[in-house]
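**Q** Okay, sequence plus prediction incoming.
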Amino acid sequence: TVDDAWCDAQLQASAAWLTTLDLSPAALHRFVAARPTRRLGHYFETLLAYWLAHMPDTQIIATNLQVQDEQRTLGEYDFLFRDAADAICHWEAAVKFYLQVEPLAEQRAFIGPGTRDRLDLKLERVFQHQLLLGHTPVGQQALPQGLLPDKAQAFIKGYLFYHASTLRPAAIRGISAAHLSGWWARHTREKLPQTSAESRWIILPRLRWLAPVRLAADAEVMSYATLNNKLDEHFQLRSEAMLVVELARTAAGEWQEISRGFVVCSSWPVLDSTMGSMPA
């Protein structure tokens, strides 16, 4: 796994570049626009590709390189690149959002908001299949001639969400102690955990799930009552979970995220089969 210490070091080394990018993001916007998608995982990979392409002394060799056996696709290499130490790296990348459906500090207790994904099964797939492609004959045949990965690593990011009445456990095997987290609650059955009566809310579109929210002072935000009315309207028609963000004013008057959580239908994790559910 690509560990927290390495990521922290890269963040510090990239601080000046990221500041410049914030001030002049046109090149990044063009890069993203050339790879349109509605899937959060693909969007995450696009941002990761842009970062690797601009990392000093790093050369991308291939992205999303498929491994096929006759007519079947057996997998793909998400990223192949040469790093600053001249090592050939194979990365499997994913961004995931899981809700703790049982009060257990175990990977199997976390499932996706659409109920079709589970943390332990996802990690098993990454570590027992995807990262081992370079060690299989068919996986080696898919590589550029003469190239073999020196190391294979998982680059997995995301959030874990705990029920609004449940404390976050001190440790979960295989998960960073510094992982990002939020809460979840069932609509109409549980009250949303509001930090302050002065806070405001937004419903966050899928492709904005990755980063903490900051909004201009005049941005359109909702009161707690308005948010609940919006959720009532949504769950009358659909069972798809909604990611909501609580906001507070900064000293400069802008809006800043102070908490986030999934609001799920009242029967979750059992979904009404006649209603739409969240895409994978």
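**A** Yep, it's here. Numbers count the residues shown, from 1 in each chain.
**Q** which element is the residue nearest the centre of the chain on?
**A** With distances taken as CA atoms, centre = their mean, Val95 lies nearest the centre of the chain, 3.1 Å away. Take DSSP states H and E as the rule and Val95 turns out to sit in strand 88-100.
**Q** Mind listing the strands that strand pairs with, and their directions?
**A** Strand pairing for strand 88-100, determined by DSSP bridges: strand 72-82 (antiparallel), strand 110-111 (antiparallel), strand 151-163 (parallel).
**Q** Excluding chain neighbours, what is closest to the residue nearest to the centre of the chain?
**A** Spatial nearest neighbour of Val95, excluding adjacent residues (CB to CB, 6 or more residues apart in numbering): Phe44 at 4.2 Å. Where you see a C-beta, it was placed from the backbone N, CA and C, and this is true even at glycine.
**Q** Quick check on that neighbour: phi, psi?
**A** The phi/psi pair for Phe44 (degrees, to the nearest 10) reads phi -60, psi -40.
**Q** how close does it get to Asp120?
**A** Separation of Phe44 from Asp120 (CB to CB, to the nearest Å): 21 Å.
**Q** Give me the more crowded residue out of those two.
**A** Higher neighbour count among Phe44 and Asp120: Phe44, with 21 against 16, using other CB atoms under 10 Å.
**Q** Let me see the contact set for that one.
**A** Going by CB atoms under 8 Å, 6 or more residues apart in numbering, Phe44 touches 93-95, 157, 210.
**Q** again with Val138
**A** Per CB under 8 Å, 6+ apart, neighbours of Val138: 67-69, 74.
**Q** which one of those residues is nearest Gln141?
**A** Among the contacts of Val138, Val67 lies closest to Gln141 (CB to CB), at 8.1 Å.
**Q** other SSEs contacting the host helix or strand of that closest one?
**A** Counting by DSSP H and E, the element that carries Val67 is strand 59-69. Secondary-structure packing of strand 59-69 (3 or more CB pairs under 8 Å, 6 or more residues apart in numbering; DSSP states H and E): helix 40-53, strand 72-82, helix 137-141.
**Q** So for that strand, mean pLDDT?
**A** Strand 59-69 shows a mean pLDDT of 94.
**Q** Poorly predicted segments of the stretch 151-280 of the chain, please.
**A** Across the stretch 151-280 of the chain, the ranges flagged by pLDDT under 70 are 272-280.
**Q** rerun at 50
**A** 273-280 (pLDDT under 50).
**Q** how about Trp201, phi and psi?
**A** Dihedral angles (degrees, to the nearest 10) for Trp201: phi -140, psi 150.
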